[in-house]
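Enquirer: below are the sequence and a predicted model; questions follow.
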Amino acid sequence: MSAVLIKTPEGQQAFKERSALLAGKLRSAFLLFDGQRSVSQVLAATQGLGVVQADIQALQQAGFLQDLVAHTPDLAPADMPQRSDQDRYRDAYPLAVALTGKLGLSGFRLNLSVEGSTCYADLAAVAPKIKEAVGPAAYAPLQRALFA
């Protein structure tokens, strides 16, 4: 399977709370889903731990992982009603994680700031730093998700 998965806010919360659903080998596999690695790459990296496709599907069914492509927000026309801050956060978070994840070690602290954000205001506060790190062109989809 070559799909690229990312952590959901629910998955992040379960990780922080050390949920039993993310114990042992699943916790290790969960950490590797950063919006860059495909499912097959994560399976290859965790093969020694015994992680199999069914484990990844269980994480998806639990709502801890989502497909990056399927959950990239569609940009709404101007005549659509205003989105709530919660909707903006839910749409922007996967984009922010993917952008900061691509920065590698140089963006490690910024990535931690993004992953530590728990609401729209937290993510909006980190947005200028993301723009500075990735440049205006790469930042544009995140800007639309947060502020449009």
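Expert: Yep, that arrived. Numbers count the residues shown, from 1 in each chain.
Enquirer: please report phi then psi for Ile6.
Expert: phi -130, psi 160 (degrees, to the nearest 10).
Enquirer: revised request: answer the last question for Asp67.
Expert: Asp67 adopts backbone torsions of phi -70, psi 130, taken as degrees, to the nearest 10.
Enquirer: could you count how many residues lie near the closest residue in space to it that isn't next to it in sequence?
Expert: Closest residue in space to Asp67, ignoring its immediate chain neighbours: Ala3 at 5.6 Å, by Cβ to Cβ, 6 or more residues apart in numbering. Any C-beta I mention is one placed from the backbone N, CA and C, and that applies to glycine too. Neighbours of Ala3 under the rule other Cβ atoms under 10 Å: 14.
Enquirer: element containing the residue positioned nearest the centre of the chain?
Expert: For the chain, Pro94 is the residue whose C-alpha lies nearest the centre (Cα atoms, centre = their mean; 3.6 Å). Under the criterion of DSSP states H and E, Pro94 resides in helix 85-101.
Enquirer: following that helix, which helix or strand comes up?
Expert: helix 108-116.
Enquirer: wait, what's in contact with Ser117?
Expert: Ser117 is in contact with Tyr89, Tyr93, Ala96, Leu123, Ala125, Val126, counting by Cβ atoms under 8 Å, 6 or more residues apart in numbering.
Enquirer: out of these, which end up buried?
Expert: Buried members of the contacts of Ser117, scored by 16 or more other Cβ atoms under 10 Å, are Tyr89, Tyr93, Ala96, Leu123, Val126.
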